[in-house]
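Asks: Starting from these lines, generate the structure:
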Amino acid sequence: MSTRPLNIRDAVIAGLAAVAGAVLAADLPFIGLPLAGAALGWLAFRNGPVVSSAAAVVATAITIPVLGSVVPVVFIGPALLAVGPGSAWALSRWSATRVIAVLTVVLVAAALAFDATAAATQGSSFVAVRANEAKTLHELVIKSGAQSGQTDVETVGQLADQLSQAWLMLWPSMYLYVSGLAAVLSVPLVSRIGRSIGEPVSALPPLTEFDMSLHVVWPTIAGLALLAASAYLRQPNGWMQATGLNLLLFVRPLLFFQGLGDFAALYRKAGVGRFSRSFGFAFLALSEFAVPSVSIVGLVDIFANLRKLPRGGTGAPAGAAPA
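Replies: Next up is the predicted model:
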């Protein structure tokens, strides 16, 4: 990673963008982290990781008086270091998809540490906070039902029970989805900035060549097995069902993009135009909410390799740009 003389004006602009991103990252990480990552990644490519890391530390410190608390630093500090200089360093050595996976894990760990620290400062615990959130959701559903004039109290109560129980079981997936979205938006942006400067960094492969590792099937199999065991033992709300559901929710986005790759290859082979392809992808995304058909295609493709892709890597070569 080459370094250039520090330009004060450019450094100030990048620093202000990093500060704005750091402040937003506390509540909107999928907006704040891409913004901060772009600024800090640019500094890392232009002036080296030391300058970028120093800017990340300063931006984190500035958030303390702005947010009025030192607790968010537990999340913001590691997140900025990982999404900026960390991503810039990793993209010169790993595939972009691997960088996204590692960054997601780092962000999930930082978010969990942040929430645990926030709960401890309030004299509570992480588990108690999740339970209180479920209780609040239950009360909100009951109150909303009463305000809307619902006379079937039993039905409203059952809905409140189901939603609160679902939150207690599925909150781990929410951490993964938010952190994963932030990583998916940040890493390609940092990669594009690096390639625009001329750095040999990896890029995401074209969707037609996107291919997940075979190891994705193991959490899928484990999730299905746990759900089957939960049904067999008649423990619908036990730890087995919760773990199985979260495992399947963890891998579903990966399988979905794997399936999209199959459809993208099919569209290209059929000569479908760009507008029609965009419409097709939008339809597939909407249909996935109702029936996981695209994810199932992706799971089949991992085993059958429907596109006959060479196995053994999902990232584009260093310096390559996506099609």
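Asks: Could you use CA atoms for every contact and neighbour count after this?
Replies: Noted.
Asks: Residue 87 contacts residue 99, doesn't it?
Replies: Yes. With contacts counted by CA atoms under 8 Å, residue 87 reaches residue 99, the gap being 6.8 Å.
Asks: out of those two, which sits in the busier spot?
Replies: Of the pair residue 87 and residue 99, residue 87 is the one with more neighbours under other CA atoms under 10 Å, namely 30 against 26.
Asks: that older thread, list residues touching both of residue 87 and residue 99?
Replies: residue 187 (CA atoms under 8 Å, 6 or more residues apart in numbering).
Asks: pLDDT below threshold where in the stretch 101-250 of the chain?
Replies: 150-151 (pLDDT under 70).
Asks: Show me where it has its helices.
Replies: With helices called from DSSP state H, counting those that start in this stretch, the stretch 101-250 of the chain shows them at 126-147, 153-197, 217-232, 239-270.
Asks: I'd like those helices as JSON lines, with mean neighbour count appended.
Replies: Putting these into JSON lines (neighbours: other CA atoms under 10 Å) gives the following:
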{"stretch": "helix 126-147", "mean neighbour count": "15"}
{"stretch": "helix 153-197", "mean neighbour count": "19"}
{"stretch": "helix 217-232", "mean neighbour count": "16"}
{"stretch": "helix 239-270", "mean neighbour count": "20"}
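Asks: which residues sit in contact with the residue nearest the centre of the chain?
Replies: Against the mean C-alpha coordinate of the chain, by CA atoms, centre = their mean, the closest residue is residue 180 at 0.7 Å. Residues in contact with residue 180 (CA under 8 Å, 6+ apart) are 100, 101, 104.
Asks: So the last one versus residue 173, what's the distance?
Replies: When distance is defined by CA to CA, to the nearest Å, residue 104 is 12 Å away from residue 173.
Asks: Quickly name whichever of the contacts of residue 180 is closest to residue 197.
Replies: Nearest to residue 197 out of these is residue 100 (CA to CA; 20.9 Å).
Asks: For residue 254, see how far away the residue nearest to the centre of the chain is.
Replies: Residue 180 is 11 Å from residue 254, by CA to CA.
Asks: Could you do residue 88 as well?
Replies: 23 Å.
Asks: Any of the contacts of residue 180 buried? List them.
Replies: Buried by 16 or more other CA atoms under 10 Å: 100, 104, out of the contacts of residue 180.
Asks: sorry, back to before: adding distance to residue 302, write the helices of the stretch 101-250 of the chain out as CSV.
Replies: Formatted as CSV, the helices of the stretch 101-250 of the chain follow (distance: least, CA to CA, whole Å):
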stretch, distance to residue 302
helix 126-147, 36
helix 153-197, 21
helix 217-232, 8
helix 239-270, 8
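Asks: Identify whichever of those lies nearest to residue 50.
Replies: When the helices of the stretch 101-250 of the chain are compared by CA to CA, helix 153-197 sits nearest residue 50, at 16.5 Å.
Asks: tell me the angle the closest one makes with helix 126-147.
Replies: Relative orientation of helix 153-197 and helix 126-147, computed by axes from the mean of the first three to the mean of the last three CA atoms, to 10 degrees: 120 degrees.
Asks: CA atoms only for stretch 188-201 - export them in CSV, please.
Replies: Extracted in CSV, the C-alpha atoms of stretch 188-201 (Å, rounded to 0.1, in the frame of the first residue of the first chain):
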residue,chain,number,x,y,z
PRO,A,188,-17.4,-2.7,-2.0
LEU,A,189,-17.2,1.1,-1.5
VAL,A,190,-13.7,0.9,0.1
SER,A,191,-12.7,-1.5,-2.7
ARG,A,192,-13.9,0.9,-5.4
ILE,A,193,-12.0,3.8,-3.8
GLY,A,194,-8.8,1.8,-3.6
ARG,A,195,-9.1,0.7,-7.3
SER,A,196,-9.8,4.3,-8.4
ILE,A,197,-6.5,5.3,-6.8
GLY,A,198,-4.7,2.4,-8.5
GLU,A,199,-4.3,0.1,-5.5
PRO,A,200,-4.3,-3.7,-6.3
VAL,A,201,-7.3,-4.6,-4.1
